[in-house]
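K.L.:
Have a look; sequence and predicted model below, questions after that.
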Amino acid sequence: MDVEVLVGEARERELQPMPARERIVAGATAIAFLCAAGVAAAVIPPNRSFEPLTCIGLVALLCVARRVTFEIGNNFATSDQLAFIPMLFLAPIEVVPLLAACGYILARLPDFVRGQAHTDRWLYTLGDAWHSIGAVAVIAALAPGPPTAAHLPVYVLALLGQVGVMAALAVTTDYLVHRTSPLEAMWLAIWACRIDALLTPIAYMVAAVGERQPAAVLAVAPVLALLQVFSSERRDRIAAALELNQAYRGTVMVLSDVVEAEDNYTASHCRSVVELASAVADDLGLSSTTKQELEIAALLHDVGKIAIPNEILNKPAKLTDVEFDLMKTHTVEGQALLDRVGGRLARVGEIVRSCHERWDGRGYPDGLAGDEIPVAARIVFCCDAYSAMTTDRPYRRAMTMDGALQELRENSGTQFEPRVVESLERVVHSLDPSVDAPYADALRAVLIGSAASLAPAELPA
């Protein structure tokens, strides 16, 4: 799924109360952090005296740095490393986790006050401070004194400890709460950790100077200001992308309504194809981006029929050769219509154009064969055929499920892609034939999409 889509979903969740499972995960993470921070404060020997003004200043700086955020999928990255590293060396090491938690809570208060986040989300704020435990443990054990070049390997190890805890927490939380695949969650976590890694050298240099002159930590202010500019520009780009996605969704809804108004059979048939194609995509392990385009193509694969005369569409008998030649133009008409919309729907239009291409190359309109046919089009073609065979038409009765599957098997390798036929057969046997998926559910699946995956959009070997 596109990162912008994940960001949009994350923004919507921010405004909603946590579901029970998410509240349990976030609450358990917060309680575990408080326990770990308490143990650190009690067990780690003090390495410097507690100076209230210094600690208050460091918490305030961390609060400001935490507000500079970069949204990344379900998660986000911040610039707090610029303040957290100086805190490691200017505040008593044993209380750094608690100070970090205070800074994070203060940074979130404006969001709660302005209604930009539901108050349930404060639980995540404590969990976000978990990364401090890894760095504190390494520094306290191996280099509790002032920062020096001799301890560079220790600082690298501390960064790895910090990043490791943060990545493990992000992957676990995303899987337990959002069912995000560990691979994708790890990719997003690495993206966020990359920002921390790039800011760490600057932060260590500031900390080294700040050990002698605490006011030197304010040198990070220009860097934070620059990062805030980049953050604002990124938010604006994501907002524009989300607005464009919303426009595409509206276009899909309008086109599906037009199809339904033009031909009731085509509308119900398309809904059936959406359900089957979506299930086949899951069975074959396609990426969620490909699956989303597949679902839209399945819903709109017959949209070009609005250019076909109703006398042909609703003819209660078999079509003549001339009529069938005219009917075959609906794939090209469908692509032309979606091309005029442009953007993502133009890519869907390529699938729509190829939805009647045969595996052996004897289909239309371009005579594509085998892997030349987009994988989504191969799936729609097979699901389209099954749905058509199992639906009553004015000129024939519907075939049974077994009869339709037998027909697909007999044409596997010539008309249809063999792996798609095998997958559809598994899907059909797993579906409850007495349940007709509501149109709203099918459309929701198309317009919202499912769990993200950044794997290549292709059939598994």
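P.N.:
Cool, the structure landed. Numbering: from 1, shown residues only.
K.L.:
quick check: domain ranges of this structure?
P.N.:
As given by automatic domain parsing, the domain ranges for the chain are 3-241, 263-448.
K.L.:
What residues does the nearest residue to Lys328 once chain neighbours are set aside make contact with?
P.N.:
Excluding the flanking residues, the one nearest Lys328 by CB to CB, 6 or more residues apart in numbering is Tyr364, at 5.2 Å. Using the backbone N, CA and C atoms, a C-beta is placed for each residue, glycine as well. Each residue near Tyr364 by CB atoms under 8 Å, 6 or more residues apart in numbering is listed here: 328, 331, 356-357.
K.L.:
Check Cys193 too.
P.N.:
For Cys193, the contacting residues are 77, 163, 166-167, by CB under 8 Å, 6+ apart.
K.L.:
ok now do Ile351, which residues does it touch?
P.N.:
Counting by CB under 8 Å, 6+ apart, Ile351 has contacts 293-294, 297, 301, 374, 376-377, 380.
K.L.:
out of those residues, who has the most neighbours?
P.N.:
His301 (33 neighbours; other CB atoms under 10 Å).
K.L.:
And that residue, how far from Val421?
P.N.:
According to CB to CB, to the nearest Å, His301 and Val421 sit 18 Å apart.
K.L.:
I'd assumed Gly103 was in contact with Cys63.
P.N.:
Yes: in this structure, Cys63 is within contact of Gly103 by CB atoms under 8 Å, at 4.8 Å.
K.L.:
In terms of neighbours, single out the busier of those two.
P.N.:
The residue with more neighbours, out of Cys63 and Gly103, is Gly103; 26 against 20, by other CB under 10 Å.
K.L.:
Just the buried ones out of the contacts of Cys193, please.
P.N.:
77, 163, 166-167 (16 or more other CB atoms under 10 Å).
K.L.:
In contact with Ser272, which residues?
P.N.:
383, 387, 391.
K.L.:
try 7 Å
P.N.:
Contacts for Ser272 (CB atoms under 7 Å, 6 or more residues apart in numbering) come out as Ser387.
K.L.:
what residue ranges in the stretch 51-200 of the chain score low on pLDDT?
P.N.:
73-75 (pLDDT under 70).
K.L.:
so Asp111 sits right up against Thr119, yeah?
P.N.:
No: contact criterion CB atoms under 7 Å: Asp111 and Thr119 do not qualify, at 9.7 Å.
K.L.:
Neighbour count: these two, which is higher?
P.N.:
Set Asp111 next to Thr119 and count neighbours by other CB under 10 Å: Asp111 wins out with 17 against 12.
K.L.:
What are the phi and psi values at that one?
P.N.:
Main-chain dihedrals, Asp111, degrees, to the nearest 10: phi -70, psi -40.
K.L.:
Spit out the contact partners of the nearest residue to it once chain neighbours are set aside.
P.N.:
Among residues not flanking Asp111 along the chain, Ala117 sits closest, at 4.0 Å (CB to CB, 6+ apart). When contacts are counted by CB under 7 Å, 6+ apart, Ala117 touches 14, 108, 111.
K.L.:
how far does stretch 124-139 stretch from start to finish?
P.N.:
25 Å (CA to CA, to the nearest Å).
K.L.:
Please list the outside residues in contact with it.
P.N.:
By CB under 7 Å, 6+ apart, the list of residues contacting stretch 124-139 reads 26, 29-30, 33-34, 36, 40, 84, 88, 93, 96-97, 100-101, 104-105, 108, 154, 157-158, 161-162, 164-166, 169.
K.L.:
contacting residues for Leu82?
P.N.:
With contact taken as CB under 7 Å, 6+ apart, Leu82 is in contact with 65, 199, 202-203, 220, 223-224.
K.L.:
Let me see the ranges of the helices in the stretch 351-461 of the chain.
P.N.:
Ranges of helices in the stretch 351-461 of the chain, per DSSP state H, counting those that start in this stretch, are 375-389, 401-410, 418-430, 439-448.
K.L.:
ignore the last one, the stretch 101-250 of the chain
P.N.:
So, for the stretch 101-250 of the chain - with DSSP H, counting those that start in this stretch - the helices run 122-128, 131-142, 152-173, 182-210, 221-262.
K.L.:
List the buried residues in the fourth one.
P.N.:
In other words, helix 182-210. 184-189, 192-193, 195-196, 199-200, 203-204, 206-208, 210.
K.L.:
by how many degrees do that helix and helix 152-173 diverge?
P.N.:
140 degrees (axes from the mean of the first three to the mean of the last three CA atoms, to 10 degrees).
K.L.:
Angles on the backbone of Ala77, please.
P.N.:
Dihedral angles (degrees, to the nearest 10) for Ala77: phi -120, psi 150.
K.L.:
Check the gap between the nearest residue to it once chain neighbours are set aside and Val113 for me.
P.N.:
Excluding the flanking residues, the one nearest Ala77 by CB to CB, 6+ apart is Ala192, at 3.8 Å. Distance from Ala192 to Val113, counting by CB to CB: 26 Å.
K.L.:
With Ile72 instead?
P.N.:
As judged by CB to CB, Ile72 and Val113 stand 25 Å apart.
K.L.:
How about Val352?
P.N.:
Distance from Val352 to Val113, by CB to CB: 48 Å.
K.L.:
now swap in Ile56 and tell me
P.N.:
21 Å.
K.L.:
Give me the more crowded residue out of these two.
P.N.:
Ile56 (12 against 9).
K.L.:
Quick check: next helix or strand after the helix or strand in which the more buried one is found?
P.N.:
Element membership for Ile56, per DSSP states H and E: helix 52-66. Next along the chain after helix 52-66, taking DSSP H and E as the criterion, comes strand 69-72.
K.L.:
quick one: contacts of that following strand?
P.N.:
Against strand 69-72 from outside (CB under 7 Å, 6+ apart): 3, 7, 10, 76-78, 188, 191-192, 195, 231, 234-235, 238.
K.L.:
Then stretch 18-34?
P.N.:
The contact list for stretch 18-34, computed with CB under 7 Å, 6+ apart, reads 120, 123-124, 126-127, 129-130, 169, 173, 176-177.
K.L.:
Mind putting those residues into a markdown table with distance to Leu255 and neighbour count?
P.N.:
Formatted as a markdown table, the contacts of stretch 18-34 follow (distance: CB to CB, whole Å; neighbours: other CB atoms under 10 Å):
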| residue | distance to Leu255 | neighbour count |
| --- | --- | --- |
| Asp120 | 38 | 17 |
| Leu123 | 42 | 20 |
| Tyr124 | 39 | 20 |
| Leu126 | 46 | 21 |
| Gly127 | 43 | 22 |
| Ala129 | 48 | 26 |
| Trp130 | 47 | 23 |
| Leu169 | 43 | 18 |
| Thr173 | 38 | 20 |
| Leu176 | 38 | 16 |
| Val177 | 34 | 18 |
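K.L.:
Is Pro182 in contact with Thr173, as I believe?
P.N.:
No: between Pro182 and Thr173 there is no contact under CB under 7 Å: 11.4 Å.
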